[in-house]
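K.L.:
Need a 3D model of the following:
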Amino acid sequence: MARITDLAPDTLLCIVDLVRNDQAIKFHGFTRLKELSLISKDFNAACAPFIFRSHTLVLRRTKMDGWRRNWIKWDNSYLRERLELLTKHGGHMRELTIVDAKTGNVDAFPDASMGDLLRALKTLDGLTGLTLEMKDCERQMPVVMWTWIRDQGSQLKNLVLKGSWSIPLEAMALWPITTIHTLTLDPFDYQTESFLSLIKAPNLILRDTRGHSSPLLSYHPSADDDHLQDIQIFVQRRFYDDRKIDHLYDFTRVPSANITVTLEGDSRYDDNYLETWKTVRTAVRKVFVDDLTQFDVSRQGHNRTAAVVQWKNEQGWKPQNQVHLQGEETDDAEQRQINHVKFYDDILRRARVRYRD
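P.N.:
Residues are numbered from 1 along each chain as shown. Below you'll find the predicted structure:
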């Protein structure tokens, strides 16, 4: 009788492919692949390229509390174990996320351990995307990490910096990096802004969801930024301070770049999302230097409290929406609809209470 260990490599790959693409278990596909890899050494080898294609490396011990990660302490033996796993499966990795935070007196991404980390990173021959995520602290990027990113050349396409990173002083004297295809800064603040002058990526993603207590940073690309092809900015605020948002964005000097700016109002703590939308609409009218009649301004997002402002450098493209120009009549009609829905929701709620009683 044939055994599972007798299956041909092509048959194993077909089974793995069925598990990956089965719509019934798509949400749990990664977990199913890990379970499949434990059946035998052959299945383990067949699943590894898919399991480790995207990998997260956490540098210090943590403890999960529900969805929250609690940082415990720095542990050199734990790091060595993680780096051994990284080196073992490095040939399969295309996207790598490195996560760390400060605990006690040990900084995030400590200099003393950068040598071991860089030796492991140099074994990753096919890496195309790198995310450096730092939690709850500020940190200057280690010089050896910056040098390694420069040395990747055209292989490393996507770089994501999460946290309050700053440029190492030694990098200021070097030529800009021009091989990165997409640069993401999250958050885009006074610390991370300096990376824009040293990483000349044609595609930019700038995010700021820090809350209304942190000031929004302006972005005015100059004529020297003619390498830019696509700019995406995402901002989420519960409140938009009218005194600090005038003329934040000016794209008049980069006419060839596609522009997408999303201003979202955080309505999680506000029952009347129409009032949240009004503050967002007012902000849209203030933050741009550009003539908004040339932009498409639409209303999207959860509870429709996000304004998406777009301009595309495409032949024949024309704006279709100008929701920022809507006035009191539109607001009054929407408020009547909200009141109508709330009225019947209240009737249903009372009916359920009486039914239970």
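K.L.:
Helix or strand for the residue lying closest to A46 once chain neighbours are set aside, just tell me which one.
P.N.:
Among residues not flanking A46 along the chain, L12 sits closest, at 4.4 Å (Cβ to Cβ, 6 or more residues apart in numbering). Yep, even glycine has a C-beta here, placed from its N, CA and C like the rest. Here L12 sits within helix 9-21, counting by DSSP states H and E.
K.L.:
Next: A48.
P.N.:
helix 41-51.
K.L.:
Packing partners of that helix?
P.N.:
Contacts defined by 3 or more Cβ pairs under 8 Å, 6 or more residues apart in numbering; DSSP states H and E place helix 41-51 against helix 9-21, helix 29-37.
K.L.:
name the helices or strands packed onto the following helix or strand past it?
P.N.:
Going down the chain from helix 41-51, the next helix or strand is strand 54-58, by DSSP H and E. Judged by 3+ Cβ pairs under 8 Å, 6+ apart, the packing partners of strand 54-58 are helix 76-88, strand 95-101.
K.L.:
Go again with 7 Å.
P.N.:
Here strand 54-58 touches strand 95-101, going by 3 or more Cβ pairs under 7 Å, 6 or more residues apart in numbering; DSSP states H and E.
K.L.:
Quick check: longest strand in this protein by residues?
P.N.:
strand 129-140 (DSSP state E).
K.L.:
and for the very next helix or strand once past it, what are the contacting residues?
P.N.:
Downstream of strand 129-140, the first helix or strand assigned by DSSP H and E is helix 143-151. With Cβ atoms under 7 Å, 6 or more residues apart in numbering as the test, helix 143-151 has contacts from 114, 118, 121, 156, 159, 168, 170-171, 177.
K.L.:
10 Å instead, please
P.N.:
For helix 143-151, contacts defined as Cβ atoms under 10 Å, 6 or more residues apart in numbering pick out 98, 109, 111, 114-115, 117-118, 121-122, 130, 132, 140-142, 156, 159, 165, 167-171, 174-177, 179-180, 198-199.
K.L.:
Tell me what angle it forms with strand 95-101.
P.N.:
Helix 143-151 and strand 95-101 are oriented at 170 degrees to each other (axes from the mean of the first three to the mean of the last three Cα atoms, to 10 degrees).
K.L.:
So what touches stretch 172-184?
P.N.:
By Cβ under 10 Å, 6+ apart, stretch 172-184 touches 128-131, 146-147, 149-150, 152-162, 168, 171, 192, 194-207, 227, 229-230, 232.
K.L.:
Can you select the buried ones among these for me in PyMOL?
P.N.:
Those of those that count as buried under 16 or more other Cβ atoms under 10 Å are selected in PyMOL with:
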select buried, resi 128+129+130+131+146+149+150+152+156+157+158+159+160+161+162+168+171+192+195+196+198+199+200+201+202+203+204+205+206+207+230+232
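K.L.:
Filter the contacts of stretch 172-184 down to the ones in helices?
P.N.:
Residues of the contacts of stretch 172-184 located in helices (DSSP state H): 146-147, 149-150, 195-198.
K.L.:
which of those lies closest to R336?
P.N.:
Nearest to R336 out of these is L196 (Cβ to Cβ; 45.9 Å).
K.L.:
residues contacting the closest one?
P.N.:
176, 183, 185, 188, 204, 206, 219, 221, 225, 228.
K.L.:
if you set the cut-off to 8 Å instead, what comes out?
P.N.:
Neighbour list for L196: 183, 185, 204 [criterion: Cβ atoms under 8 Å, 6 or more residues apart in numbering].
K.L.:
Equivalent analysis for T128, please.
P.N.:
Applying Cβ under 8 Å, 6+ apart to T128 gives the contacts 94-95, 155-158.
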